[in-house]
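>>> Only the shape, not the letters, is given here:
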């Protein structure tokens, strides 16, 4: 295993590599097809480079533990806007998630519907491409349209276009108060209708999920405002809505939703499906023997099913994408982890990869 | 600003090109008579003008594909154009290029309030997207100052922002999907009504690529329900430092206003003379706006006013009616017009870390003395996106060049302070040759490699974004 401790060493390691490399942060998100190759760990690239609370921005080295980033921000009553999920329980993995891993997999949480995804908060990157060249894109300011936005390309490319050495984010102020509205005994169609009504209101919903027949709506902000919006939403959604105001209970509820805790600790496959919310009930009805939950107001459907089931074959006309997040290596090989792209898009992806990693050594095969 | 010499071989193709374009488009959609093509000789960066070879106004994705296929085969450069409001010369033609205008493509294709999106043709103006959903109390969030005129196509090309992006983000954060035509005529669908990409985030890459990777003909945009209300507060301060510290403290306090706008003394005086909004005569003025119900606004403004008072403002005025709100915004909204009354001006667009605000304003003041040109500052303080307005006289020999040199120094200063050359206007031709101040040759090379993938012959808007010397071999190939 190689463990460079600065960007120059990282560049050397990649330039001098004689074969495929497996890029690794904390190793807690084993998504994608595992392949052979020497492990290149980013965990020694660690630490906060620059944090300016008054500018709502932070710059950190890619291998910095996520927990350390979050603690640094919490000390100033700030936070990452996108509430990254912790994959450890659902993947059955161990280790310490890194901020670079969060970016490489574009990991977001329930707040994605209101505050955007990881890629939306990411304002700058430094990375080393497959030829060993250190590069930067974006910067440390919130508004920046100087040149092409390669920042977006680096978010969610799982290290196949470059190895991150440093990442910058825009931040949000901490949350003073929160509440969850819940309505029990709703089917998928009813739940999506409820969530759409809430998300289509002026009351700034920051979470909308449905699991085990219960629809959950989250409100966050200043305390009077949360009280006001909870009441307004309860009135809008009807008598059946109850309001949970205990901040610890609210936090636990949404942590469990974001981390897909419901599907932890089983041998079944887990799929993550991004669809238009109104398509979610149709998709869910069509899934054979799958257990499901919805986040993002129905825009994100998680399903757990018998090993080897191809959920991409179900209702294939529904637009969006379906990722096989948890399965045996054999199933991942057979079904493919990532949604196959239409030919002209795949041609662009292949050509981009050839430019960024001409030798094809960065996580080859991981994304298919 | 220099533009490449037109290619005589391409100029000679005009008759054949017009003939072929007329075969795939209605006759009135191909503009080639000399006096008619003058309408396309510039965008809002009016210091630079050059009539194109011809202009085409396709009405559908299919027609765009047909045009691009012909230009690709004949190796004629294409400059895409939205409404021509670019301040960076993004739609400036060269004599050997075809202007591809999307103005005739302005239909709403679909509105979906349950899933909260609208699908439009990209020639539609920014404000009319909101106009299409307003009756249901929805809106499209990005609000560039030119929103009455600017097209969604241009917004996507430049990843446009606006006054309210502190809360709602810029175009890229509100764009869900596009239909794009590649230079060879291939039509691709990227993204859609669902969230995030399956693989590489090509949507994020396209947004802000200044029309160099493809022509976006249709867009799926996120729409939101309007807030219950909004209310601004106006604050005047004795010094830029204090105003800057107040901005920082508001941000740190845990409230997130939708907008924090900043104006300095030259701009305050100019707008008072022009619009008479009743602003105090002070060194720096902030307009802070928050949203929500009345009670929520009171809660947020209570906190903000408490912070402002700690900084000894010379004026603190909270709006108590829609009329007062409009008056508070009046000066800010007429700032550019007011400066234009004094003289010609060049509007810059660098971003800086908010913490560097006093230092940067101080240095701009020094540069102003050094060059002998007046500068006013009006900008989005919450996100550090500055708009210094340099006053000059276009009729005075050498004044434009002097102004450009001073502008370049200010933008380099933004980079030096830890910021960037452009926050929301784009690079175009205006900042093209300054890119080396922000990027290493390798940083620029990898971006040009991306263009190689989408447009191997470098026919789409080729003389923009990258320094001419850096892109020369690719453009000549």
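Here it is on my side, so go on. Everything numeric in this text was worked out from a predicted model, so none of it was measured.
>>> Could you pull out the helices in chain A for me?
Counting by DSSP state H, chain A has helices at residues A:7-15, A:66-74, A:88-91, A:99-104, A:112-115, A:118-121, A:150-154, A:188-199, A:223-237, A:247-258, A:280-286, A:329-335, A:343-356.
>>> between those, which one is nearest to residue B:114?
For residue B:114, the closest of the helices of chain A is helix A:188-199, at 4.5 Å, according to CB to CB. Where C-beta positions appear, they are placed from N, C-alpha and C, glycine not excepted.
>>> buried ones in the closest one?
For helix A:188-199, the neighbour count (16 or more other CB atoms under 10 Å in any protein chain shown) marks A:188, A:191, A:192, A:193, A:194, A:195, A:196, A:197, A:198, A:199 as buried.
>>> and the stretch 1-150 of chain A, which residues reach chain B?
Neighbours of chain B within the stretch 1-150 of chain A, by CB under 8 Å from any CB of the partner chain: A:52-57, A:76-77, A:106, A:108, A:112-113, A:116-117, A:119-120, A:129, A:133-137, A:139-150.
>>> Got a quick PyMOL command for the buried subset of those?
Those of these that count as buried under 16+ other CB under 10 Å are selected in PyMOL with:
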select buried, chain A and resi 52+53+54+55+56+57+76+106+108+112+113+116+117+119+120+129+133+134+135+136+137+139+140+141+142+143+144+145+146+147+148+149+150
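>>> Out of the residues of the stretch 1-150 of chain A next to chain B, name the ones that lie in strands.
In this view, the residues of the stretch 1-150 of chain A next to chain B that belong to strands under DSSP state E are A:52, A:57, A:134, A:135, A:136, A:137.
>>> so whichever residue of chain B sits closest to chain A is in which element?
At 2.4 Å from chain A, residue B:204 is the closest residue in chain B, using CB to the nearest CB. Element membership for residue B:204, per DSSP states H and E: helix B:202-206.
>>> Name the strands paired with the next helix or strand after that helix and say parallel or antiparallel.
Later in the chain than helix B:202-206, the nearest helix or strand by DSSP H and E is strand B:215-222. Sheet pairing of strand B:215-222 (DSSP bridges) gives strand B:117-121 (antiparallel), strand B:175-181 (antiparallel).
>>> from the chain's centre, how far out does the last one sit?
The one in question is strand B:175-181. On the basis of CA atoms, centre = their mean, to the nearest Å, strand B:175-181 sits 19 Å off its chain's mean C-alpha point.
>>> Is any residue of the helix or strand following it near chain A?
From strand B:175-181 onward toward the C-terminus, using DSSP H and E, the following helix or strand is strand B:187-191. Yes: counting by CB under 8 Å from any CB, chain A has neighbours in strand B:187-191: B:188, B:189, B:190.
>>> Next, the contact list for the last one, please.
So that's residue B:190. For residue B:190, the contact set (CB atoms under 8 Å, 6 or more residues apart in numbering or on different chains) comprises A:345, B:177, B:178, B:180, B:202, B:203, B:206.
>>> Okay, and the beta partners of it?
Beta-bridge partners for residue B:190, by DSSP bridges, are residue B:178.
>>> The buried residues of helix A:188-199 into JSON lines, with extra columns for distance to residue B:198 and pLDDT?
As requested, the buried residues of helix A:188-199 are arranged in JSON lines below (distance: CB to CB, whole Å; pLDDT from 0 to 100):
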{"residue": "A:188", "distance to residue B:198": "23", "pLDDT": "97"}
{"residue": "A:191", "distance to residue B:198": "25", "pLDDT": "98"}
{"residue": "A:192", "distance to residue B:198": "22", "pLDDT": "98"}
{"residue": "A:193", "distance to residue B:198": "27", "pLDDT": "97"}
{"residue": "A:194", "distance to residue B:198": "28", "pLDDT": "97"}
{"residue": "A:195", "distance to residue B:198": "23", "pLDDT": "98"}
{"residue": "A:196", "distance to residue B:198": "24", "pLDDT": "98"}
{"residue": "A:197", "distance to residue B:198": "29", "pLDDT": "97"}
{"residue": "A:198", "distance to residue B:198": "27", "pLDDT": "98"}
{"residue": "A:199", "distance to residue B:198": "23", "pLDDT": "98"}
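>>> near chain B at all, stretch A:239-248?
No: counting by CB under 8 Å from any CB, chain B is not contacted by stretch A:239-248; separation bottoms out at 15.1 Å.
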